[in-house]
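*Asks:* Following is a predicted model, sequence given first.
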Amino acid sequence: MMTIAILYRIFNATDTLQKKTAIWLAISMIAVNEFWNYLFFGLESTFAGFIGLLPFTLLVIVLFIILWNFQRKTAWILFPYLLWLGYDLVWTYNLWIMNK
């Protein structure tokens, strides 16, 4: 639902290079999230899930920075998800270590 709100706000913005970049990053975020689900749940690998979460988190951080410079209100919609990803990194790492 959050991604839909972000994409809606981006699509309604004026055309700029930042708008196009934000659209591609948001769509990439959806695709990489699905790939992470495959790594973690499909392969049932806590290690692959943790490693896959690293580039995903970087992608979300880049999207947040672009949105912060482009549409701050939209960036604030993404902010709680960034907090969750911080927790998720620690949780996934610990899950991997406990299941070695």
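*Replies:* Looks like it arrived, so ask away.
*Asks:* Now Leu25: closest residue in space, sequence neighbours ignored.
*Replies:* Spatial nearest neighbour of Leu25, chain neighbours left out: Leu63 (4.2 Å); criterion: C-beta to C-beta, 6 or more residues apart in numbering. (Glycine included, C-beta is placed from N, CA and C.)
*Asks:* number of nearby residues for that neighbour?
*Replies:* Using other C-beta atoms under 10 Å, Leu63 has 24 other residues around it.
*Asks:* Am I right that it is in contact with Ile27?
*Replies:* No: with contacts counted by C-beta atoms under 8 Å, Leu63 stays clear of Ile27, the gap being 10.2 Å.
*Asks:* Find the nearest non-adjacent residue to Thr46, please.
*Replies:* Among residues not flanking Thr46 along the chain, Trp96 sits closest, at 4.0 Å (C-beta to C-beta, 6+ apart).
*Asks:* repeat for Tyr81
*Replies:* Nearest non-adjacent residue to Tyr81, counting by C-beta to C-beta, 6+ apart: Met2, 6.2 Å away.
*Asks:* Tell me how far the one you found lies from Leu78.
*Replies:* Per C-beta to C-beta, to the nearest Å, Met2 is found 7 Å from Leu78.
*Asks:* who's in contact with the residue nearest to the spatial centre of the chain?
*Replies:* Centroid check for the chain by C-alpha atoms, centre = their mean gives Val60 as the closest residue, at 3.7 Å. Shown in contact with Val60 (C-beta atoms under 8 Å, 6 or more residues apart in numbering): 29, 78, 81-82, 85.
*Asks:* sec struct for it, please.
*Replies:* helix (DSSP: H, G, I helix; E, B strand; the rest coil).
*Asks:* With only the CA atoms kept, save the helix or strand bottoming out on mean pLDDT in the chain in PDB.
*Replies:* Lowest on mean pLDDT, DSSP states H and E among the helices and strands of the chain sits helix 2-11, with a mean of 93. Below are the C-alpha coordinates for helix 2-11, written out as PDB (Å, rounded to 0.1, in the frame of the first residue of the first chain):
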ATOM      1  CA  MET A   2       2.900   2.400   0.800                       C
ATOM      2  CA  THR A   3       4.400   1.800  -2.600                       C
ATOM      3  CA  ILE A   4       1.100   2.600  -4.300                       C
ATOM      4  CA  ALA A   5       0.900   5.900  -2.400                       C
ATOM      5  CA  ILE A   6       4.500   6.700  -3.300                       C
ATOM      6  CA  LEU A   7       4.000   5.900  -7.000                       C
ATOM      7  CA  TYR A   8       0.700   7.900  -7.100                       C
ATOM      8  CA  ARG A   9       2.400  11.000  -5.700                       C
ATOM      9  CA  ILE A  10       5.400  10.600  -8.100                       C
ATOM     10  CA  PHE A  11       3.200  10.100 -11.100                       C
END
